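K.L.:
can you look at this prediction? I've put the sequence above it.
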Amino acid sequence: MSMIQSSKTGIGKVTLTVNDLDRVSGFYQEAVGLHLLRGDASTAELGVDGDTLLELRRDTAARRRSPREAGLFHTAFLLPSRADLGRWIKHAMKSKAPVVGASDHGVSEALYLSDPEGNGVEIYADWPVLSWQWKDGLVDMPSDPLDIDALVDASGGEEWNGFPEGATVGHVHLQVGAIPTAEAFYRDVLGFAVTSRYPGGTFYAADGYHHHLATNIWNSRGAGARTFPSTGLANVEIVSSRDFVEAVGNRADQTRQERDTLTLVDPWGTEITVATATQKKIKE
(Lines give C-alpha, C1' and ligand atoms only; values in the text may rest on other atoms or scores of the structure.)
Protein backbone atom coordinates (compact mmCIF):
# COMPACT_ATOMS: atom_id res chain seq x y z
CA MET A 1 0.00 0.00 0.00
CA SER A 2 1.30 3.42 -0.90
CA MET A 3 1.54 6.05 1.83
CA ILE A 4 -0.25 8.53 -0.41
CA GLN A 5 -3.44 6.46 -0.11
CA SER A 6 -3.59 6.79 3.67
CA SER A 7 -2.02 10.17 4.39
CA LYS A 8 -2.97 13.71 3.44
CA THR A 9 0.61 14.84 4.03
CA GLY A 10 3.62 13.64 2.08
CA ILE A 11 6.67 14.55 0.05
CA GLY A 12 5.90 16.17 -3.28
CA LYS A 13 9.34 16.27 -4.87
CA VAL A 14 13.03 16.59 -4.05
CA THR A 15 15.32 19.00 -5.92
CA LEU A 16 19.06 18.39 -6.25
CA THR A 17 21.85 20.59 -7.61
CA VAL A 18 24.29 18.57 -9.74
CA ASN A 19 27.49 19.22 -11.66
CA ASP A 20 26.89 16.63 -14.42
CA LEU A 21 23.21 16.73 -15.38
CA ASP A 22 23.37 14.09 -18.11
CA ARG A 23 25.19 11.55 -15.96
CA VAL A 24 23.02 12.00 -12.87
CA SER A 25 19.79 12.09 -14.89
CA GLY A 26 20.86 8.92 -16.67
CA PHE A 27 21.45 7.19 -13.31
CA TYR A 28 17.98 8.03 -12.01
CA GLN A 29 16.42 6.80 -15.25
CA GLU A 30 18.47 3.64 -15.75
CA ALA A 31 19.43 2.43 -12.27
CA VAL A 32 16.51 3.83 -10.25
CA GLY A 33 13.78 3.68 -12.88
CA LEU A 34 12.30 7.19 -12.90
CA HIS A 35 10.88 8.44 -16.18
CA LEU A 36 12.16 11.64 -17.82
CA LEU A 37 9.17 13.99 -17.96
CA ARG A 38 10.84 17.22 -19.08
CA GLY A 39 14.39 18.34 -19.65
CA ASP A 40 16.70 20.89 -21.22
CA ALA A 41 20.33 21.92 -20.89
CA SER A 42 19.89 23.17 -17.32
CA THR A 43 17.21 21.01 -15.66
CA ALA A 44 15.63 17.58 -15.72
CA GLU A 45 12.31 16.59 -14.16
CA LEU A 46 11.93 12.90 -13.44
CA GLY A 47 8.94 11.06 -12.06
CA VAL A 48 5.97 8.88 -12.95
CA ASP A 49 2.46 9.33 -14.32
CA GLY A 50 3.11 13.01 -15.05
CA ASP A 51 4.14 13.84 -11.48
CA THR A 52 7.67 15.15 -10.88
CA LEU A 53 9.33 13.30 -7.99
CA LEU A 54 12.89 14.51 -8.58
CA GLU A 55 14.14 17.73 -10.15
CA LEU A 56 17.80 18.05 -11.10
CA ARG A 57 19.37 21.48 -11.59
CA ARG A 58 22.68 21.80 -13.41
CA ASP A 59 25.39 24.01 -11.91
CA THR A 60 28.85 23.17 -13.19
CA ALA A 61 30.42 25.80 -10.89
CA ALA A 62 28.87 24.47 -7.66
CA ARG A 63 31.34 22.98 -5.20
CA ARG A 64 30.96 19.25 -4.53
CA ARG A 65 29.19 18.73 -1.23
CA SER A 66 31.12 16.92 1.52
CA PRO A 67 29.49 13.73 2.88
CA ARG A 68 30.11 15.08 6.38
CA GLU A 69 28.09 18.27 6.07
CA ALA A 70 24.38 18.87 6.56
CA GLY A 71 22.02 18.13 3.71
CA LEU A 72 20.70 14.95 2.15
CA PHE A 73 21.19 11.48 3.63
CA HIS A 74 18.84 9.86 1.12
CA THR A 75 15.75 10.36 -0.99
CA ALA A 76 13.46 7.36 -0.46
CA PHE A 77 11.26 6.29 -3.37
CA LEU A 78 8.21 4.30 -2.31
CA LEU A 79 6.91 1.59 -4.64
CA PRO A 80 3.24 0.56 -4.37
CA SER A 81 3.81 -3.14 -3.62
CA ARG A 82 6.30 -5.89 -2.72
CA ALA A 83 5.83 -7.22 -6.25
CA ASP A 84 7.07 -3.90 -7.64
CA LEU A 85 10.09 -4.01 -5.32
CA GLY A 86 10.80 -7.58 -6.41
CA ARG A 87 10.70 -6.50 -10.06
CA TRP A 88 13.07 -3.62 -9.27
CA ILE A 89 15.48 -6.06 -7.58
CA LYS A 90 15.53 -8.28 -10.67
CA HIS A 91 16.23 -5.18 -12.77
CA ALA A 92 19.04 -4.14 -10.38
CA MET A 93 20.62 -7.58 -10.65
CA LYS A 94 20.57 -7.50 -14.44
CA SER A 95 21.77 -3.90 -14.74
CA LYS A 96 24.34 -4.26 -11.93
CA ALA A 97 22.90 -1.20 -10.17
CA PRO A 98 25.28 0.05 -7.43
CA VAL A 99 23.30 -1.25 -4.43
CA VAL A 100 25.18 -0.52 -1.18
CA GLY A 101 22.77 -1.94 1.41
CA ALA A 102 19.46 -3.66 2.10
CA SER A 103 17.29 -4.04 5.21
CA ASP A 104 13.93 -5.19 6.50
CA HIS A 105 12.82 -2.37 8.79
CA GLY A 106 9.65 -4.01 10.10
CA VAL A 107 7.53 -1.27 8.52
CA SER A 108 9.19 -1.56 5.11
CA GLU A 109 11.68 -3.46 2.97
CA ALA A 110 14.42 -1.29 1.49
CA LEU A 111 17.51 -1.23 -0.70
CA TYR A 112 20.05 1.58 -0.82
CA LEU A 113 22.18 3.16 -3.55
CA SER A 114 24.33 6.23 -4.06
CA ASP A 115 24.07 8.37 -7.17
CA PRO A 116 27.16 9.45 -9.19
CA GLU A 117 27.56 12.63 -7.09
CA GLY A 118 27.12 10.95 -3.71
CA ASN A 119 23.43 11.59 -3.06
CA GLY A 120 21.84 8.70 -1.19
CA VAL A 121 18.87 6.82 -2.65
CA GLU A 122 16.47 4.35 -1.06
CA ILE A 123 14.03 2.13 -2.98
CA TYR A 124 11.39 0.59 -0.73
CA ALA A 125 7.94 -0.90 -0.27
CA ASP A 126 5.87 -0.82 2.90
CA TRP A 127 4.69 -3.79 4.86
CA PRO A 128 0.91 -3.67 5.55
CA VAL A 129 0.07 -0.87 7.99
CA LEU A 130 -1.56 -3.25 10.48
CA SER A 131 1.72 -5.17 10.86
CA TRP A 132 3.67 -2.11 12.09
CA GLN A 133 4.58 -2.40 15.77
CA TRP A 134 3.71 0.75 17.75
CA LYS A 135 4.27 1.37 21.46
CA ASP A 136 3.70 4.65 23.34
CA GLY A 137 3.42 6.57 20.08
CA LEU A 138 6.68 5.27 18.60
CA VAL A 139 7.03 2.65 15.88
CA ASP A 140 9.61 -0.13 15.92
CA MET A 141 11.94 0.10 12.92
CA PRO A 142 14.74 -2.48 13.22
CA SER A 143 17.40 -3.07 10.57
CA ASP A 144 17.08 -6.79 9.91
CA PRO A 145 18.40 -8.77 6.93
CA LEU A 146 16.31 -8.43 3.78
CA ASP A 147 14.87 -11.60 2.21
CA ILE A 148 15.85 -10.94 -1.40
CA ASP A 149 14.64 -14.34 -2.61
CA ALA A 150 11.16 -13.78 -1.17
CA LEU A 151 10.94 -10.39 -2.86
CA VAL A 152 12.00 -11.81 -6.22
CA ASP A 153 9.37 -14.55 -5.80
CA ALA A 154 6.78 -11.86 -5.05
CA SER A 155 7.45 -10.22 -8.41
CA GLY A 156 5.15 -12.73 -10.07
CA GLY A 157 7.45 -13.24 -13.02
CA GLU A 158 6.75 -9.82 -14.52
CA GLU A 159 9.58 -7.62 -15.73
CA TRP A 160 10.48 -4.13 -14.50
CA ASN A 161 9.34 -1.32 -16.80
CA GLY A 162 10.39 1.65 -14.72
CA PHE A 163 8.52 3.24 -11.85
CA PRO A 164 4.87 2.17 -11.85
CA GLU A 165 1.86 4.44 -11.40
CA GLY A 166 1.39 5.23 -7.72
CA ALA A 167 5.09 5.42 -6.86
CA THR A 168 6.03 8.46 -4.76
CA VAL A 169 8.82 9.95 -2.70
CA GLY A 170 7.87 8.20 0.52
CA HIS A 171 10.28 10.05 2.78
CA VAL A 172 13.41 12.18 2.87
CA HIS A 173 16.23 11.51 5.32
CA LEU A 174 18.46 14.46 6.19
CA GLN A 175 21.87 15.00 7.73
CA VAL A 176 21.92 17.68 10.43
CA GLY A 177 24.35 19.07 12.98
CA ALA A 178 22.41 18.38 16.19
CA ILE A 179 19.26 16.39 17.00
CA PRO A 180 17.64 18.78 19.55
CA THR A 181 17.91 21.65 17.07
CA ALA A 182 16.48 19.45 14.33
CA GLU A 183 13.52 18.44 16.48
CA ALA A 184 12.83 22.07 17.33
CA PHE A 185 12.39 22.75 13.61
CA TYR A 186 10.91 19.58 12.12
CA ARG A 187 8.64 18.76 15.07
CA ASP A 188 7.88 22.14 16.63
CA VAL A 189 7.78 24.39 13.55
CA LEU A 190 6.78 22.03 10.72
CA GLY A 191 4.47 20.14 13.09
CA PHE A 192 5.47 16.55 12.37
CA ALA A 193 5.12 14.00 15.16
CA VAL A 194 8.21 12.13 16.34
CA THR A 195 7.60 8.47 15.46
CA SER A 196 10.94 6.83 16.27
CA ARG A 197 14.33 7.55 17.76
CA TYR A 198 17.63 5.82 17.10
CA PRO A 199 20.95 6.80 18.72
CA GLY A 200 21.78 9.96 16.76
CA GLY A 201 18.59 9.97 14.70
CA THR A 202 14.95 11.07 14.92
CA PHE A 203 12.08 10.15 12.60
CA TYR A 204 8.96 12.26 11.98
CA ALA A 205 5.57 11.74 10.33
CA ALA A 206 2.04 12.99 9.89
CA ASP A 207 -1.20 11.03 9.78
CA GLY A 208 0.17 7.85 11.36
CA TYR A 209 2.81 7.04 8.74
CA HIS A 210 6.09 5.53 9.98
CA HIS A 211 8.09 8.51 8.72
CA HIS A 212 7.97 11.24 6.11
CA LEU A 213 11.19 12.88 7.33
CA ALA A 214 14.22 11.82 9.34
CA THR A 215 17.25 13.65 10.70
CA ASN A 216 20.56 12.15 11.81
CA ILE A 217 24.06 13.16 12.90
CA TRP A 218 25.77 9.87 11.95
CA ASN A 219 28.10 11.57 9.45
CA SER A 220 27.46 15.23 10.28
CA ARG A 221 27.63 15.74 14.05
CA GLY A 222 28.34 19.42 14.78
CA ALA A 223 27.87 20.49 11.14
CA GLY A 224 27.27 24.20 10.66
CA ALA A 225 25.14 26.04 8.14
CA ARG A 226 25.58 24.97 4.54
CA THR A 227 27.39 27.23 2.08
CA PHE A 228 26.19 27.72 -1.48
CA PRO A 229 26.47 27.19 -4.39
CA SER A 230 26.89 23.51 -3.61
CA THR A 231 25.85 20.23 -5.12
CA GLY A 232 23.33 18.13 -3.23
CA LEU A 233 19.96 18.94 -1.76
CA ALA A 234 18.38 22.19 -2.97
CA ASN A 235 14.79 21.79 -1.79
CA VAL A 236 12.33 19.37 -0.20
CA GLU A 237 8.67 19.96 -1.08
CA ILE A 238 6.09 18.85 1.48
CA VAL A 239 2.50 18.67 0.24
CA SER A 240 -0.50 18.74 2.56
CA SER A 241 -3.81 20.44 3.25
CA ARG A 242 -4.30 24.20 3.26
CA ASP A 243 -4.85 24.03 7.03
CA PHE A 244 -1.46 22.34 7.46
CA VAL A 245 0.28 25.03 5.41
CA GLU A 246 -1.42 27.80 7.35
CA ALA A 247 -0.51 26.22 10.68
CA VAL A 248 3.16 26.00 9.67
CA GLY A 249 3.10 29.64 8.62
CA ASN A 250 1.60 30.65 11.95
CA ARG A 251 4.19 28.71 13.95
CA ALA A 252 7.01 30.09 11.81
CA ASP A 253 5.53 33.59 12.06
CA GLN A 254 5.98 33.89 8.33
CA THR A 255 3.58 35.00 5.61
CA ARG A 256 3.10 32.67 2.68
CA GLN A 257 4.86 33.87 -0.45
CA GLU A 258 1.96 32.55 -2.53
CA ARG A 259 -1.59 31.62 -1.62
CA ASP A 260 -0.84 27.96 -1.00
CA THR A 261 2.95 27.88 -0.64
CA LEU A 262 5.42 28.63 2.14
CA THR A 263 9.19 28.26 1.95
CA LEU A 264 11.31 27.94 5.10
CA VAL A 265 14.99 27.26 5.71
CA ASP A 266 16.06 24.79 8.38
CA PRO A 267 18.88 25.63 10.85
CA TRP A 268 21.50 24.31 8.39
CA GLY A 269 20.30 26.20 5.32
CA THR A 270 18.24 23.40 3.76
CA GLU A 271 15.21 24.83 1.97
CA ILE A 272 11.82 23.31 2.80
CA THR A 273 8.73 24.25 0.79
CA VAL A 274 5.31 23.47 2.25
CA ALA A 275 2.53 23.55 -0.34
CA THR A 276 -1.13 22.72 -0.63
CA ALA A 277 -1.39 19.44 -2.46
CA THR A 278 -3.15 19.19 -5.79
CA GLN A 279 -5.86 16.60 -6.19
CA LYS A 280 -3.42 14.48 -8.18
CA LYS A 281 -1.03 14.31 -5.25
CA ILE A 282 -3.67 13.50 -2.65
CA LYS A 283 -5.88 10.57 -3.48
CA GLU A 284 -8.67 9.94 -1.03
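P.N.:
Right, received. Where do you want to start?

K.L.:
show me the contacts for residue 237.
P.N.:
11, 12, 13, 14, 15, 273, 274, 275 (CB atoms under 8 Å, 6 or more residues apart in numbering). To be clear about C-beta, it is placed using only N, CA and C from the backbone, and glycine gets the same treatment.

K.L.:
in a markdown table: those residues, plus secondary structure, distance to residue 251 and pLDDT.
P.N.:
Listed next are the contacts of residue 237 as a markdown table, based on DSSP: H, G, I helix; E, B strand; the rest coil; distance: CB to CB, whole Å; pLDDT from 0 to 100:
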| residue | secondary structure | distance to residue 251 | pLDDT |
| --- | --- | --- | --- |
| 11 | strand | 20 | 98 |
| 12 | strand | 20 | 97 |
| 13 | strand | 23 | 97 |
| 14 | strand | 23 | 98 |
| 15 | strand | 24 | 98 |
| 273 | strand | 16 | 96 |
| 274 | strand | 11 | 96 |
| 275 | strand | 16 | 94 |
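
K.L.:
out of those, who's the most crowded?
P.N.:
Counting neighbours by other CB atoms under 10 Å, residue 274 leads those with 26 neighbours.

K.L.:
ok, that residue touching residue 190?
P.N.:
Yes: if you go by CB atoms under 8 Å, residue 274 and residue 190 touch, sitting 7.2 Å apart.

K.L.:
any idea how far apart the tips of stretch 132-142 sit?
P.N.:
Start and end residues of stretch 132-142 are separated by 11 Å (CA to CA, to the nearest Å).

K.L.:
going along the chain, name the strands of the stretch 151-284 of the chain.
P.N.:
168-175, 193-198, 201-205, 213-216, 232-240, 261-265, 271-276 (DSSP state E, counting those that start in this stretch).

K.L.:
can you put the ones you listed in JSON lines and add distance to residue 65?
P.N.:
Shown next, in JSON lines, are the strands of the stretch 151-284 of the chain (distance: least, CB to CB, whole Å):
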{"stretch": "strand 168-175", "distance to residue 65": "10"}
{"stretch": "strand 193-198", "distance to residue 65": "23"}
{"stretch": "strand 201-205", "distance to residue 65": "20"}
{"stretch": "strand 213-216", "distance to residue 65": "16"}
{"stretch": "strand 232-240", "distance to residue 65": "4"}
{"stretch": "strand 261-265", "distance to residue 65": "17"}
{"stretch": "strand 271-276", "distance to residue 65": "14"}
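
K.L.:
mind checking which of those is nearest residue 66?
P.N.:
Nearest of these to residue 66, taken as CB to CB: strand 232-240 at 9.2 Å.

K.L.:
which residues are in contact with residue 74?
P.N.:
112, 119, 120, 121, 122, 172, 173.

K.L.:
could you check what's spatially nearest to it, not counting adjacent residues?
P.N.:
Closest residue in space to residue 74, ignoring its immediate chain neighbours: residue 120 at 3.1 Å, by CB to CB, 6 or more residues apart in numbering.

K.L.:
and the gap between the one you found and residue 242?
P.N.:
32 Å (CB to CB, to the nearest Å).

K.L.:
neighbour count for the two, which is higher?
P.N.:
Set residue 120 next to residue 242 and count neighbours by other CB under 10 Å: residue 120 wins out with 18 against 12.

K.L.:
tell me the one of the contacts of residue 237 nearest residue 219?
P.N.:
residue 14 (18.6 Å).

K.L.:
setting aside sequence neighbours, what's the nearest residue to the closest one?
P.N.:
Counting by CB to CB, 6+ apart, the residue nearest residue 14 is residue 75, at 4.7 Å.
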